[in-house]
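Asker: Provided below for reference: sequence and predicted model.
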Amino acid sequence: MPDIISFINEDKNNLKNNFHREFLFIDNISNYKKINPEIKLCIIQTDFVKAELKLIKKITMMNKNTEFWISSENLSRENIIIANKIGIKTVISSPFNIKMAEEFFDNRNNNFYKDKQLNNDYNFSCIANSKIMIVDDNFMNVELLREILSEFNIQISSFLKPKDAYKLVLEEKFDMFLLDIMMPEMSGFELAKKIKNTQLNKDTPIIFISALSDSHNKIMGFDLGSFAYIEKPFDINIVKSQIFNILKNKKAQELVSANKESFLATVAHDLKTPINAGINALNLLLNENLGELEDMQQEIVEDILNSTKFMQDMVENILCKNKIANGKVILTKKTHPLREVIEHCIELTKHILVPKQQQIRLKCELDNTLLQMDFLEMKRAIHNLIANASEYSPVGSSILIKIFEIDNKKGFFIQDFGRGIDLEHQKDVFSQYMSFAKKYKRVGSGLGLYITKEIIEEHGGEISLKSKIGCGTKITVLLPTHDKTGNF
């Protein structure tokens, strides 16, 4: 029975005595009932026999300050899971390289790595209740990852079939996806592309897991937006560190974003009162309730009123965006004529159209335009579309609005004849804060089309865009003729 192994590098001076005293290799655990409490690293050789595992668990329980590794010729996934369950977090192949033990002490003395202290430094509360999805067609891989992440206090959904996983991706928001690459019915890369096209999880971090270590697959993974690439067999400590730190950073970013959004919402809410007061005061002046205005004075007041109404629209959009983000948009549907809602919005946007000498042509192919809708929210959506069309159309131009019916859906399109949008940007126009205002030296929050899309989809409708540079942009909205209850 070998005693303490001490293959020591002569150059390690004051570390060599510590290494000799603090490192122990055991090739037959049945010969040990206890070990010296000075031992800092103990590597135990085993074939995963039940009797040996029972002794290993007992000795590890008695020596809380010792790091235990298992060395074995049989490193199956099942055995790695068993090792984890008895408290062994590091499993290495046999015969092992003594340099691994030397590196442990080098790192330990340089404060690079202390597994127990590292775990104590993890503030698991900052990632508590995070939702992770694991997709791997190998059940043992899934169980191993579940075991590794068990102490994180997070919610884990696991799937062996990517198609089943994708159904839940469409319904629930997750904080991370762990995807195996090589799966029979759909590869991890294909699933990642689908995830990136969903509304709920398009920005969720993805980690690929694979036995494929070639650079081609790694590059492909990173090109798809992967945050990390985990190679099989798993290095448990690295996997834990990668997942924990990605989740921690994601939660920190979400907190910063939430604070920013909360600040914007607070400022917007506080601005409502003075803006409304300003509009009322300017209307009093224009109506000559406080005396007759000269032509120049009236023109100046009208300009100020138009600018104030523009600010009012921006404030309302910020507040609406905040309600959408917090899931507080609750539709109150009643039957309204779509034509009357659009005509009302045209009247409301005159302060935008008149200064640019723009006109709206409204065409209606229907006698009955009744639809179930939330009047205020639909008005906001249509107002945003008209304002957007006006903003990117030249002075003196016209905007066409047409109401029609197709495939049992009533709809309308708003078409401007302005500069149009580059083909590469068209898929992004409905994203938050997406705006071409800076490019064209204009003022804009980039929220109008995002809010409009959310409102239309809340109504069960669809919105799409077609645009061509130099010819203008056409945005089409389709709304169901009946709601879920079967009403108009």
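Answerer: That came through fine. Residues are numbered from 1 along each chain as shown.
Asker: ok, Glu151 to Asn129 distance?
Answerer: 14 Å (Cβ to Cβ, to the nearest Å). Any C-beta I mention is one placed from the backbone N, CA and C, and that applies to glycine too.
Asker: got it, and Gly87?
Answerer: 25 Å.
Asker: so Lys250 makes contact with Asp175?
Answerer: Yes. Assessed by Cβ atoms under 8 Å, Lys250 is found in contact with Asp175 at 6.1 Å.
Asker: who touches both of those two?
Answerer: Common contacts of Lys250 and Asp175 (Cβ atoms under 8 Å, 6 or more residues apart in numbering): Pro205.
Asker: Could you report the neighbour count for the residue lying closest to Thr204 once chain neighbours are set aside?
Answerer: Spatial nearest neighbour of Thr204, chain neighbours left out: Phe174 (5.3 Å); criterion: Cβ to Cβ, 6 or more residues apart in numbering. When neighbours are counted by other Cβ atoms under 10 Å, Phe174 registers 19.
Asker: for Phe174, what are its contacts?
Answerer: So Phe174 contacts 131-133, 157, 201, 204 (Cβ under 8 Å, 6+ apart).
Asker: Which helix or strand in the protein has the lowest average pLDDT?
Answerer: helix 115-121 (a mean of 44; mean pLDDT, DSSP states H and E).
Asker: Beyond that one, next helix or strand please.
Answerer: For helix 115-121, the following helix or strand on the C-terminal side (DSSP states H and E) is strand 131-135.
Asker: Now do the helix or strand that comes right after that following strand: which elements does it pack against?
Answerer: Downstream of strand 131-135, the next assigned helix or strand under DSSP H and E is helix 139-148. Judged by 3 or more Cβ pairs under 8 Å, 6 or more residues apart in numbering; DSSP states H and E, the packing partners of helix 139-148 are helix 77-85, strand 131-135, strand 155-159, helix 236-286.
Asker: for Arg339, helix, strand, or coil?
Answerer: helix (DSSP: H, G, I helix; E, B strand; the rest coil).
Asker: I'd guessed it sits against Ile403; true?
Answerer: Yes. The pair Arg339 / Ile403 is scored as a contact, 6.0 Å apart, by Cβ under 8 Å.
Asker: what sits in contact with each of the two?
Answerer: In terms of Cβ under 8 Å, 6+ apart, Arg339 and Ile403 are both contacted by the residues 362, 364, 366, 369.
Asker: Among these, which lie within strands?
Answerer: Of the positions in these, 362, 364 sit in strands, assigned by DSSP state E.
Asker: Determine the three-state secondary structure at the residue nearest to Thr204.
Answerer: Phe174 ends up coil, using three-state DSSP.
Asker: Leaving out chain neighbours, which residue sits closest to Asn384?
Answerer: Among residues not flanking Asn384 along the chain, Gly448 sits closest, at 3.9 Å (Cβ to Cβ, 6+ apart).
Asker: follow-up on the earlier one: deepest-packed of the helices and strands packed on helix 139-148, please.
Answerer: Of all the helices and strands packed on helix 139-148, strand 131-135 carries the top mean neighbour count, a mean of 22, counting by mean count of other Cβ atoms under 10 Å.
Asker: what about it, distance to the chain center?
Answerer: Computed by Cα atoms, centre = their mean, to the nearest Å, the chain-centroid distance of strand 131-135 equals 14 Å.
Asker: What is it packed up against?
Answerer: Strand 131-135 packs on helix 139-148, strand 155-159, helix 162-169, strand 176-180, going by 3+ Cβ pairs under 8 Å, 6+ apart.
Asker: mind checking which of the ones you listed is nearest Gly291?
Answerer: helix 162-169 (63.9 Å; Cβ to Cβ).
Asker: Could you give me the buried positions within the closest one?
Answerer: By 16 or more other Cβ atoms under 10 Å, the buried positions in helix 162-169 come out as 162, 165-166, 169.
Asker: Need the residues that contact that helix.
Answerer: So helix 162-169 is contacted by 133, 135, 157, 159, 183, 185-188, 190-191, 194-195, 198, 200-201 (Cβ under 8 Å, 6+ apart).
Asker: domains for the chain, by residue range?
Answerer: 10-117, 122-234, 256-325, 334-480 (automatic domain parsing).
Asker: Could I get those domains in CSV, plus columns for distance to Phe244?
Answerer: What follows is those, written out as CSV (distance: least, Cβ to Cβ, whole Å):
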stretch, distance to Phe244
domain 10-117, 13
domain 122-234, 6
domain 256-325, 19
domain 334-480, 28
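Asker: Of those, which shows the lowest average pLDDT?
Answerer: Note on the domains of the chain: domain 256-325 shows the lowest mean pLDDT, a mean of 74.
Asker: Distance to Asn306 added to the helices and strands packed on helix 139-148, as CSV?
Answerer: Shown next, in CSV, are these (distance: least, Cβ to Cβ, whole Å):
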stretch, distance to Asn306
helix 77-85, 67
strand 131-135, 47
strand 155-159, 51
helix 236-286, 9
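Asker: could you measure Met176 against Ile207, distance?
Answerer: Here Met176 is placed at a distance of 7 Å from Ile207 (Cβ to Cβ).
Asker: which neighbours do those two share?
Answerer: Residues touching both Met176 and Ile207 (Cβ under 8 Å, 6+ apart) are 243, 246.
Asker: What is the nearest of the shared contacts of Arg339 and Ile403 to Ile382?
Answerer: Nearest to Ile382 among the shared contacts of Arg339 and Ile403, counting by Cβ to Cβ, is Leu362 at 11.6 Å.
Asker: Tell me who's in contact with His344.
Answerer: Going by Cβ under 8 Å, 6+ apart, His344 touches Lys379.
Asker: so it, which of the three states?
Answerer: Applying three-state DSSP: His344 is helix.
Asker: just Lys64 next, same as before
Answerer: Per three-state DSSP, Lys64 ends up coil.
Asker: any idea how far Ile43 is from it?
Answerer: 17 Å.
Asker: Neighbour count: the two, which is higher?
Answerer: Between Lys64 and Ile43, counted using other Cβ under 10 Å, Ile43 has the larger neighbour count: 23 against 9.
Asker: so what's that one closest to, chain neighbours aside?
Answerer: Closest to Ile43 by Cβ to Cβ, 6+ apart is Trp69, at 4.6 Å.
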